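> Quick one, fold the following:
(chains A and B)
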Amino acid sequence: MSQQAVNGISHRGRVLTLDSMNPNVKRVEYAVRGPIVQRAVQIEKELKEGVKKPFTEVIKANIGDAHAMGQKPITFFRQVLALCSYPALLEDSKFPEDVKKRAQRILEACGGHSIGAYSTSQGIECIRQDVARYIEKRDGGIPSNPDNIYLSTGASDAIVTILKLLVCGEGRDRTGVMISIPQYPLYSAALADLGAVQINYYLDEDNCWSLNIAELRRALNAAREHCNPRVLCIINPGNPTGQVQSRQCIEDVIRFAKEEHLFLMADEVYQDNVYAEGCQFHSFKKVLFEMGPEYSNTVEMASFHSTSKCYMGECGFRGGYMEVINLDPEVKAQLIKLVSVRLCPPVPGQALLDLVVNPPQPDEPSYATFMTERTAVLSTLAEKARLTEQIFNTVPGITCNPVQGAMYTFPCITLPQKAIDKAKELGLVPDMFYCMRLLEEDGICLVPGSGFGQREGTYHFRMTILPPTDKLKVVLQKIREFHLRFTQEFS
Amino acid sequence: MWNMKQLEYGALARRANRIKDELRQGVRKPYKEVIDVFQGDLHGAGMKPLTFVRQVLAACVYPPLINSNNLPLDVRQRAQEELGRCVGGSVGSYSAAAGIPEIVHSISEFIKRRDGGIPSHPENIYISPGSQWSISNILNVLVNREASPRTGVLIPVPFYNKTVLSITQLGAVTVPYYLSEEQGWALQVDELQRALESAKGVCNPVALYVINPGNPAGYVQSQKSVQEVIRFAWEKRLFLLVDELYQDCVYGENCEFVSYKRTLSEMGPPFSGTVELASFHSVSKGFLGECGLRAGYVELVNLDPAVMKHIHTLSSKDSCTPILGQIALDLMTDPPKPGDPSYPLYKQEIEHIRAVLVHNVKRVHEVINSLPGFSCPPLEGGLFAFPRLNLTPKAIQKAKELGLQPDTFYCTRLLEEGGVFTGPGWEYGQKEGTYHIRFCIAAPQDVMEELLRRLSSFHMTFMKDFS
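As a prediction, the model looks like this:
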């Protein structure tokens, strides 16, 4: 008999409570938008209401959002997308011919010639073909099959979809997924949500965050005791660490994956963000195929890319794709079913992706402006990467590895024991305590290293290198001053 | 393990795409183009987007247009407003996970206006990339995969198959309750009761999923029916999941859309303060038809605050809904008003769409019911027709020989020979031994006439072939 009220006075308990809800969801955390950001938003509100603080604005250097920090969109992309949104503009002579041609091509591929129609769940076919061609060009001619390309709502969506496919089993057989420490917390959040087993392998901070096969092996062997390791995730260029893996390293990882029968997930969303001399982006797909058929015919892999980073910074469009290699046909059928549940990826994002993989060519009217804009964005980022490393390394108690690529710095901070004790008193993780103080005193929002994972007893923070150069210089200065103050206070 | 039903999934869609390709390459067929009414895709079927919406979006995407005299003043002002709400003034930035706060607020005001002044709280609203995304998220919180017995969700038959996929992929069990075809697909509480009983010993039902107006069945629940369902959910301790995507698509005489939120609130205590409700809406249907933009929202009522915190964290890892979709949501919930320069055109376009739908609904009903072996009740609302096929034993036999569900066989033939792409009833669920097809009725009038012409011609031939 249910808890029915006889007299109309309800004692009906809630259906959905902390006890009855999916326990996995309770374990999900996402530091990039976590408690420190919530406090930052609160402070912004207070500033708006006129509350006096030692600063006039909160600088949100927590999230990899380039436009939020003032980076300008690429003109060509926005012009084509505007025409796709409102095709009457095709008659407007102010738009260059190549912009009009592109918009027309995209619209022709859309149902009813509208970006408001559903596309197939896998994504508009001619766009997938363009993506395949882009990959082929990027990888020196190694063929890419459009059927293996799945467009998605940002790379995150594709990453979660593949994990959903891979995670299975119960108890000791539950799928284990190897992720780098430090990692981008989407991975840990997704693994918690799916109830998968997270297997941590540590990147080597003393060697510029490089990946060590011996460490991979250690982590794998330890994990075999309690789960079924099936997946190895790599982020290259790295987030939060910014390292760009060497070609040798990528080969070693592929070899390891083959030996240990692991599915490789290569998160390559920062592939255009490479700054350091001597560093070069090598796609996992390319290296895999250059290793010969013994590897390229067997290793199962998914590579991910998106329109949110690189020089485009179009996070708000939620464009992305994954390329799958050597997937079992039955699994592919399951994959199609999985992606169909959410109907299709956003069509404007698909259109944008098409432009990214198919940018203006040298003989086209928009080429010059496009190249100028693209070069400006990437060179500014490179400059800021150097500046950040340089300045942080002048601060006693902060050590910063070179920002070889991506958009972040993840310096190591030395915290006085008294500060660590104070943090514990307040029930805070030490680097959260540090970052909260920085937020309250200087209005700078960073994400504590604990949100990404780090070796026990070490502390870090992640800061984006996205604020405009002048502002970034101020931010670096303020952090330096804060760090010295903080160290002094707790000495 | 794969069974025949699962293998069929998507096969018809693939065949339709192949035929479209063949036509593009110039292959000769009895028709020049495929009439694709398989999904509730207004633009795909040839309906036009709203001019105001697209002008604002274009100006948001390419802000120099804000200074263009070719766009009406209110469009330019609105675009400026929307951009002002975007971080860094760009639609390329992330927004807050739950959605741009001003747009979330706009949605809450829309809900309040719609529901006769009953307040709606912005903290209870989450914007997501389409309603199915929201539905998946809420189901994810509700379904405890490790629970024994497994979590059950009551679903209407016929149902919307994407949601059912979400449910089963999460490891929950569907508990079907049959809508009454004889009564225009009415939802009967007795049947809800029967379904609940059938779950005993099989699973633990925690939620009741309702679609109003219906999909694929074109009913609109009366207020009395909504009250009955709420009362049932209260008595039996069920979480209410209500898909209200078609709230703007109501045609039947004496039919009116009344939201579950409003009804719940007006029922007063003990219901209003206790029944947990999630209502879903999106920009994909109604007058906007912007399926491709992927934006919808959920309004949560009476949820445990501690659970809400986790829902918030869960949505944050998905980063955010596409900004253009969010802006479309804002334009949907806060459209041009009388006096605005864009209002006359906006009103004209809305009225045109409405007139087309009303006309199509009437024509579909007329034509289907004039054909032997084909029947359908009057469409009260929604965007689909779900007529009943009375297939002959010969046809059914032939289907079985080919290893196909009988209505899939019909739809396949209709696609190949008639160039009309519809969905077979079995994909949406139906009483054993009955057959249906589903097709979208939101298409320009001339397309609908052509569809009905081809359908009639094919149907007569088919019935004759298998008489």
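> and A:Ala257, how many neighbours does it have?
Neighbours of A:Ala257 under the rule other CB atoms under 10 Å in any protein chain shown: 24. Every residue, glycine included, has its C-beta placed from N, CA and C.
> quick one, what contacts it?
By CB atoms under 8 Å, 6 or more residues apart in numbering or on different chains, the contact set of A:Ala257 is A:232, A:263-264, A:299, A:301.
> same deal with B:Glu191?
B:177-180.
> sorry, back to before: want to throw the contacts of A:Ala257 into a markdown table with pLDDT, secondary structure and distance to B:Asp304?
Formatted as a markdown table, these follow (pLDDT from 0 to 100; DSSP: H, G, I helix; E, B strand; the rest coil; distance: CB to CB, whole Å):
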| residue | pLDDT | secondary structure | distance to B:Asp304 |
| --- | --- | --- | --- |
| A:Leu232 | 98 | strand | 38 |
| A:Phe263 | 98 | strand | 37 |
| A:Leu264 | 98 | strand | 40 |
| A:Val299 | 98 | coil | 46 |
| A:Met301 | 98 | strand | 42 |
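> from those, which single one is nearest chain B?
Nearest to chain B among the contacts of A:Ala257, counting by CB to the nearest CB, is A:Phe263 at 19.4 Å.
> If I look at B:Tyr9, what pLDDT would I see?
pLDDT for B:Tyr9: 60.
> Most neighbours of all the contacts of A:Ala257, which one?
Highest neighbour count within those: A:Leu232, with 26 neighbours (other CB under 10 Å).
> ok, now how distant is it from A:Gly154?
Applying CB to CB, to the nearest Å, the value for A:Leu232 to A:Gly154 is 22 Å.
> Please apply the same query to A:Gly116.
20 Å.
> now do B:Gly339
Counting by CB to CB - B:Gly339 and A:Gly154 are separated by 40 Å.
> who's more crowded, the two?
Counted by other CB under 10 Å, B:Gly339 and A:Gly154 do not tie: A:Gly154 has more neighbours, with 30 against 7.
> Quick one: residues contacting the more buried one.
A:Gly154 makes contacts with A:306-308, A:315, A:318-320, A:349, B:319, as judged by CB under 8 Å, 6+ apart.
> Let's see which of those residues end up in strands.
A:306, A:319-320 (DSSP state E).
> picking that back up, can I get the contacts of A:Ala257 in CSV including distance to A:Arg27?
Below are the contacts of A:Ala257 laid out as CSV (distance: CB to CB, whole Å):
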residue, distance to A:Arg27
A:Leu232, 22
A:Phe263, 23
A:Leu264, 25
A:Val299, 31
A:Met301, 28
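> How about A:Val15: what's its closest non-neighbour residue?
In space, and not counting its chain neighbours, A:Val15 is closest to B:Phe239: 4.4 Å by CB to CB, 6 or more residues apart in numbering or on different chains.
> Kindly give the local confidence score, pLDDT, for residue 449.
Answering for chain A, as no chain was given. Listed pLDDT for A:Gly449 reads 97.
> oops, I was thinking of chain B
97.
> tally of neighbours for it?
So B:Glu449, with other CB under 10 Å, has 15 neighbours.
> If I follow the layout properly, it ends up in contact with B:Glu366?
No: B:Glu449 is not in contact with B:Glu366 according to CB atoms under 8 Å; the separation is 11.5 Å.
> Could you pull up the mean pLDDT of the longest helix along chain A?
Secondary structure of chain A read by DSSP state H shows that its longest helix is helix A:367-392. In this model, helix A:367-392 has a mean pLDDT of 97.
> Since that was my last question, I'll sign off now.
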